[in-house]
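K.L.:
sequence unknown, structure follows:
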C-alpha cells in the first residue's frame, strides 16, 4: 500500500496568467477501493490548454474545478488493486484522474490500453483527445478538399501537428505556424508540412501571405490572438474555421481595447460566406471508433508522426502548465507522475 | 415604341449613408432587341439592402456597379417585343434588369411568371430572393428543431417575416424584432410570431431576454448592429447563426471604436460550440425547386403570409432605397415602375 496520495489542488483562481501560487501540492491519504472499484496508480498526466478554463469560474461548457479540489486532467494509470470484475492488477488504463498520484474509480470512463499496440502515452496525445480534436474538427467541420490550403497554429503541438498531417493525407496543402526556428524545423521536416512560419518573426504576416499564394481555405483555430489578425485577410470565400482553442487569450481578462474588430469580422463572414464553428471533441463521440482505427493505421504506416515533451514528477506540473500557455513546451506535454 | 428608357444610374459612391446625390435619373434611348433577344418593359423593381454593397467598391462576392452604370436589381417585366423563340409579347418574366424602365435580354436568367398562380410581385419577395434567403438559410444552416427558440430581426420585412413563419412551421418558437409598435403588431398578429420586440424600446435587451426564457437556439442575422449585442448573451450552446445581411452596418465606414468585441465572440464560439455561417442564397441553387414548391403551398394554405410596401415611379427609387437602409419601409419594398 502506498504511503500517501500526492495531489495538486487549485489554491486560488488566477487573474490573467496563472502563477505557482494558484496551485498547492498536498499529501492526502490513499483512498481505498470499495466493492466494484479499482485503485489506480497514475503513471502519466496530460497537460492541456483547456485546463486554464477549468481554473476560472466563468460560465463554460464544463464546470470549474473548485478551490481546494484536485486539478482535472486525463491520465494513464495502472490498476494496483481491483475489486472490479473487468479490471485486473497490472492493467494499464486511460482515465481522467487529474493531477494526483492515486485515484479510485468504479470503472466509468476507463479504457484499457494495450502497451504492445502503441506507447501508452499516445493515449494522451495523437491517439487521444488532442488527436481526436484534430481529426473530428478537420474532417467533420472543415472538410478540406484536395489542393486547398489548410493553416494551423501551434503546429508543433499535438493538435496542430495532427491537423496538418491529416490535411496532407486528404490532399490539401498544410501551412503550420509555430514559435521559433526549432519548432518550425520540426513542423516542416518531421511533420511534413508544406511550409512553417515563425509567428515571432517581425515579418510574420508577410511570410504567411507568401506561404499561402492561393489564400486560406481552412484555418484551424486553436490559439487566437495575433495569429488571427494575420490569417483573417487571407481567408478565401467559403473558408471554414473550426475553433477548438484560444490559448493566446485564456489569460486575458478584458475588456479588450479597440478598435472593435467585430464589424469587420461580420462583414467578411457575410461577403465571403465564411463558416466559423466552435467545438469540443466529445460532441463527435460517434466518430471515435473511426478515429482510433484510422489514426492507429496512419501511425503504423508512418504517415502521421508525433512528438512528446515529457516532464518528470507531479510537483513539476504547475510550472509545466504555466509554460504550456506560453508555448514553452515542444510537442505534447505530459507529466511522468511515477 | 416607347420614347425613352428611364434609368437610375450610380452618380458617385457614398461614404456612409447614401444620399440622393449618389444617384442620377437619366433618359437613354430604348435599346433595340437583336436576333434571339427580347425587349422588356419593367413593371416592378425590387429594392433590397444588398444593393448598398454594390454601390461600394470594397471587395465582395459581387462586382460593384460602375459609376454611370444602371443600378442593379431584380425586376418583374413584360415582354413588349420578341425576337426570341421562347418568349412571346405579353409574357411576364422575372429578370434582373436593374433600375430602369426598359431592357434588352437574350433570355439568360429570365423566368416566366404565371400571374394566375400568384401576384407577380411575390416573385420579388416571398416567392423570390428574400423568401429563398429565409428558406435556405433557416432550413440548411440553422435547422431549427421543435421547441427551439428562433430570433430574427427586421421581422416585418420579407426575409424576417418568412424566417419566423417557417420556423413556426417546423415547430420552433419565433421571436421577431422590429422597429416601432406598428411593425411589432404586424409581426405578432399577421405573421403569427410568438413574440415581437421593439428594438427602439429603451428596455429592448431586457424585453428580448424576457421573450426568450429558454435562451436563443437560432439567431438569423440580417441586421447586425445593436440587435447583435442584445442577442449575443442569450445564445444557447450549439446555437446556429446564419448571416445573410448586416444592414445596420452597411453605412458604417470604420475603423470602429472599442472595446474590441472579437475576443468575447471567439470565447463564446468556443465555450458554447456556436456556429456562424455567412451565406448568399444563390449558393443553395439546388434547393430552389423545393422552395418554390413548399412556399407556394404554404402561401396557398395561408400558413405563410407576406406584406408589400409598393412605391410609385422609378424616380422614387433612390429615396425609397435610402429609407430601406433606415427601416422606413414596412414590408417588402417594391417600386412600381410602370
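P.N.:
That came through, no problem. Because the structure is a prediction, the values reported are computed rather than measured.
K.L.:
Please count neighbours and contacts with C-alpha atoms only from this point.
P.N.:
OK.
K.L.:
how far away is residue A:234 from residue A:227?
P.N.:
Between residue A:234 and residue A:227 the computed distance is 12 Å (C-alpha to C-alpha, to the nearest Å).
K.L.:
what's the answer for residue A:117, then?
P.N.:
Using C-alpha to C-alpha, residue A:117 is found at 37 Å from residue A:227.
K.L.:
Looking at these two, which is more packed in?
P.N.:
More neighbours surround residue A:227 than the other of residue A:117 and residue A:227, with 19 against 9 (other C-alpha atoms under 10 Å in any protein chain shown).
K.L.:
After the helix or strand hosting the more buried one, which helix or strand is next?
P.N.:
Here residue A:227, judged by DSSP states H and E, is contained in helix A:226-231. As assigned by DSSP H and E, the chain's next helix or strand after helix A:226-231 is strand A:235-243.
K.L.:
Against which helices or strands is that following strand packed?
P.N.:
If contacts are counted by 3 or more C-alpha pairs under 8 Å, 6 or more residues apart in numbering or on different chains; DSSP states H and E, strand A:235-243 sits against strand A:216-220, strand A:275-278.
K.L.:
tell me the mean pLDDT over the longest one?
P.N.:
What strand A:216-220 shows for mean pLDDT is 98.
K.L.:
before we move on, the earlier item: which neighbouring elements make contact with the helix holding residue A:227?
P.N.:
Under the contact definition 3+ C-alpha pairs under 8 Å, 6+ apart, helix A:226-231 sits against helix A:204-211.
K.L.:
let's see 10 Å
P.N.:
Using 3 or more C-alpha pairs under 10 Å, 6 or more residues apart in numbering or on different chains; DSSP states H and E as the contact definition, the elements that helix A:226-231 packs against are strand A:149-152, helix A:204-211, strand A:216-220.
K.L.:
need those in a markdown table with mean neighbour count and distance to residue B:248, can you?
P.N.:
Shown next, in a markdown table, are the helices and strands packed on helix A:226-231 (neighbours: other C-alpha atoms under 10 Å in any protein chain shown; distance: least, C-alpha to C-alpha, whole Å):
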| stretch | mean neighbour count | distance to residue B:248 |
| --- | --- | --- |
| strand A:149-152 | 28 | 32 |
| helix A:204-211 | 17 | 31 |
| strand A:216-220 | 26 | 28 |
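K.L.:
and these as JSON lines, adding distance to chain B?
P.N.:
JSON lines is the format used below for those (distance: least, C-alpha to the nearest C-alpha, whole Å):
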{"stretch": "strand A:149-152", "distance to chain B": "16"}
{"stretch": "helix A:204-211", "distance to chain B": "18"}
{"stretch": "strand A:216-220", "distance to chain B": "12"}
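K.L.:
Show the backbone phi and psi for the residue of the stretch 151-300 of chain A found nearest chain B.
P.N.:
Nearest residue of the stretch 151-300 of chain A to chain B: residue A:258, at 3.4 Å (C-alpha to the nearest C-alpha). Here is the backbone geometry of residue A:258 (degrees, to the nearest 10): phi -80, psi 180.
K.L.:
okay, it: pLDDT?
P.N.:
Confidence score, pLDDT, at residue A:258: 85.
K.L.:
now the helix or strand harbouring residue A:136 and strand A:235-243, what's the angle there?
P.N.:
Element membership for residue A:136 (DSSP H and E) is helix A:129-136. Interaxial angle, helix A:129-136 versus strand A:235-243 (axes from the mean of the first three to the mean of the last three C-alpha atoms, to 10 degrees): 140 degrees.
K.L.:
Check which helices and strands helix A:129-136 sits against.
P.N.:
Helices and strands touching helix A:129-136, by 3+ C-alpha pairs under 10 Å, 6+ apart, are helix A:158-169, helix A:288-300.
K.L.:
Including distance to residue A:196 and mean neighbour count, could these go into CSV?
P.N.:
As requested, these are exported to CSV (distance: least, C-alpha to C-alpha, whole Å; neighbours: other C-alpha atoms under 10 Å in any protein chain shown):
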stretch, distance to residue A:196, mean neighbour count
helix A:158-169, 11, 27
helix A:288-300, 22, 15
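K.L.:
Nearest approach to residue A:263 belongs to which of those?
P.N.:
Nearest to residue A:263, of all the helices and strands packed on helix A:129-136, is helix A:158-169, at 28.5 Å by C-alpha to C-alpha.
K.L.:
Give me the local confidence score for residue A:243.
P.N.:
On the pLDDT scale, residue A:243 gets 97.
K.L.:
what's the neighbour count on it?
P.N.:
Residues lying near residue A:243 (other C-alpha under 10 Å) number 27.
K.L.:
ok, it touching residue B:274?
P.N.:
Yes: assessed by C-alpha atoms under 10 Å, residue A:243 is found in contact with residue B:274 at 9.4 Å.
K.L.:
So for the two, which residues contact both of them?
P.N.:
Common neighbours of residue A:243 and residue B:274 (criterion: C-alpha atoms under 10 Å, 6 or more residues apart in numbering or on different chains): A:276-279, B:266-267.
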